[in-house]
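Participant: This is a predicted model, with the sequence first.
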Amino acid sequence: MLKHLLASAIFTALCGAAMAETLEVPLVWLRHAEPERPVLSNLDPIPEDRGRAGAELGLADNLTTGKFLGQDYSLEIIEIAAEDDPLPDARAALGRSSFVVLDAPAATLLAIADLPEAQGAVLFNASSSDMSLRGADCRANLLHTKTSFAMQTDALMQFAQAKRWTDLVMITGNAPEDADFAAALTASAIKFGLEIAQTKPWIFDADMRRNAAQEVPLFTQDLADHDLLLVADVANDFARYIAYNAWEPRPIAGSEGLRPVSWAPVVEQWGAAQLHSRFSDLASRDMTPRDYAAWAAVRAVGEAVTRTNSADPATLRAYLLSDAFELAGFKGRPLSFRSWNGQLRQPIPLVTRAALVAQAPLEGFLHQRTELDTLGIDQPETTCTAFD
């Protein structure tokens, strides 16, 4: 009897000690909405919980591991209307958590990163592909789980080079993000020894759902000879109407046709189907690239906490940017952060709406550190100095 009482007392003491030593890790997902561009088609509606659902799945994954290790994660959701100032809510959130996943325009990301309250925090950009955020406008407290335009376009140009599609032409939209994507396509073409012989701006404001078969052939008739037609239309306003309507019967890529994305439902290898299934059970829809970026941000914190047994933001930031950090991202290779600009290295699937065609980096594109650094801005090319 005495032995049973002693064992019970020891067990109770151990449980009490374990509860007392629980590591609390609060996270915040904050969205500052941006007005959506009006587009011709509503075939691809934007889910109301885009991004948020990915963060929630990341939380569930962290909790699954954390319950065995004495770690307790929580996720606060903050949504701010486009017309409202996000900084008061951001300041308040940073008072409650040092780990904030941001779904916001580039200007908002920089404004939050520059807050005095954010200087000791670890922020994650889970929404913007803006190149300046990884370059001259980088911030040491802002890491990027969303892929950059350069990573996406480098993946596409590796594929074009592998196919020997050396002659390219491009159609560009009129939005600022279209110009950014087009600039990245041009830079990637030069990087991989290709040539964009002609760039033509999209000039129509008519409803292409009715006129595409008449207008697009005429619009594309004077394009130079080419192997591949690139389309820079980030919102997919008109790109969907180019396919099968261009004057020359050539493959198209970029915003339509063959698309470089961070995530898509057609990616099924490397355990991706299991991640899709869990996300679908949670959100009752497919996972989007923004969902994946938010999931990766939350999981990165969880992985760093597990490996360091710490919730100190300085400790976790140092570990995230170290060579020791790896995140299983269901893409066939471990993901890691670039120490010179905070970008999460990751493979880029090249997909159509129905299938995975290839995944970059492609075989034969080598790098002295990791082939993943053939995608995006490499260390010798970076203009980011905040991480020095």
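Facilitator: It's in. Numbers count the residues shown, from 1 in each chain.

Participant: center of this protein - which residue?
Facilitator: Note on the chain: the residue nearest the mean C-alpha position is residue 146, at 2.1 Å, using Cα atoms, centre = their mean.

Participant: Who are the packing partners of whichever strand or helix holds residue 318?
Facilitator: Element membership for residue 318, per DSSP states H and E: helix 313-320. Helices and strands touching helix 313-320, by 3 or more Cβ pairs under 8 Å, 6 or more residues apart in numbering; DSSP states H and E, are strand 122-125, helix 289-308. Quick note: C-beta positions are derived from backbone N, CA and C, even for glycine.

Participant: Now do the longest one: which elements does it pack against?
Facilitator: Looking back up the chat, that one is helix 289-308. strand 23-32, helix 52-69, strand 71-80, strand 99-103, strand 122-125, helix 272-283, helix 313-320, strand 327-328.

Participant: Now do the buried residues in that helix.
Facilitator: 289-305, 308 (16 or more other Cβ atoms under 10 Å).

Participant: circling back: relative to residue 132, tell me which of the helices and strands packed on helix 289-308 wins on proximity.
Facilitator: Ranking the helices and strands packed on helix 289-308 by proximity to residue 132 (Cβ to Cβ) places strand 122-125 first, at 11.7 Å.

Participant: Sheet partners, orientation included, of the closest one?
Facilitator: strand 99-103 (parallel), strand 142-144 (parallel) (DSSP bridges).

Participant: could the ones you listed go into a markdown table alongside mean pLDDT?
Facilitator: Shown next, in a markdown table, are the strands paired with strand 122-125 (pLDDT from 0 to 100):
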| stretch | mean pLDDT |
| --- | --- |
| strand 99-103 | 98 |
| strand 142-144 | 98 |
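
Participant: Kindly reformat these as JSON lines and extend each row with distance to residue 57 and mean neighbour count.
Facilitator: Converted to JSON lines, those look like this (distance: least, Cβ to Cβ, whole Å; neighbours: other Cβ atoms under 10 Å):
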{"stretch": "strand 99-103", "distance to residue 57": "12", "mean neighbour count": "27"}
{"stretch": "strand 142-144", "distance to residue 57": "19", "mean neighbour count": "25"}
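
Participant: Ok, which of these comes nearest residue 238?
Facilitator: strand 99-103 (25.6 Å).

Participant: Can you check what angle separates that closest one from strand 23-32?
Facilitator: With axes from the mean of the first three to the mean of the last three Cα atoms, to 10 degrees defining the directions, strand 99-103 sits at 20 degrees from strand 23-32.

Participant: CA atoms only for strand 99-103 - export them in CSV, please.
Facilitator: Only the C-alpha atoms of strand 99-103 are listed here, as CSV (Å, rounded to 0.1, in the frame of the first residue of the first chain):
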residue,chain,number,x,y,z
PHE,A,99,5.5,36.1,-33.4
VAL,A,100,3.2,37.7,-36.0
VAL,A,101,2.2,36.2,-39.4
LEU,A,102,1.3,39.1,-41.7
ASP,A,103,-1.1,39.0,-44.7
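
Participant: quick one: whichever helix or strand comes after it to chain centroid distance?
Facilitator: Per DSSP H and E, the first helix or strand lying C-terminal to strand 99-103 is helix 106-113. Put simply, helix 106-113 sits 17 Å off its chain's centre (Cα atoms, centre = their mean, to the nearest Å).

Participant: what do you get for stretch 69-76?
Facilitator: Going by Cα atoms, centre = their mean, where stretch 69-76 is centred and where its chain is centred differ by 23 Å.

Participant: What's the mean pLDDT across it?
Facilitator: Stretch 69-76 carries an average pLDDT of 97.

Participant: any idea of the pLDDT on residue 5?
Facilitator: 43.

Participant: Can you give me the neighbour number for residue 133?
Facilitator: The tally of other residues near residue 133 (other Cβ atoms under 10 Å) stands at 24.

Participant: Apologies, that question was intended for residue 79.
Facilitator: Using other Cβ under 10 Å: residue 79 sits among 15 other residues.

Participant: Residue 284 versus that one, what's the distance?
Facilitator: To residue 284, residue 79 is 19 Å away according to Cβ to Cβ, to the nearest Å.

Participant: same thing with residue 141?
Facilitator: Relative to residue 284, residue 141 is positioned 35 Å away (Cβ to Cβ).

Participant: tell me the pLDDT at residue 43?
Facilitator: 70.

Participant: Name the SS class of it, please.
Facilitator: coil (DSSP: H, G, I helix; E, B strand; the rest coil).

Participant: ok, how many other residues are close to the residue lying closest to it once chain neighbours are set aside?
Facilitator: The shortest distance from residue 43 to any non-neighbouring residue, by Cβ to Cβ, 6 or more residues apart in numbering, is to residue 240 (7.7 Å). Using other Cβ under 10 Å, residue 240 has 21 other residues around it.

Participant: swap in residue 369?
Facilitator: Residue 369: 12 neighbours (other Cβ under 10 Å).

Participant: That one and residue 334: what is the separation?
Facilitator: Counting by Cβ to Cβ, the gap from residue 369 to residue 334 is 14 Å.

Participant: Secondary structure element for residue 377, which one?
Facilitator: Using DSSP H and E, residue 377 falls within no helix or strand.

Participant: wait, isn't it in contact with residue 133?
Facilitator: No - Residue 377 lies out of contact with residue 133 (Cβ atoms under 8 Å); the separation is 11.1 Å.

Participant: pLDDT-wise, which helix or strand of this structure ranks last?
Facilitator: helix 2-20 (a mean of 43; mean pLDDT, DSSP states H and E).
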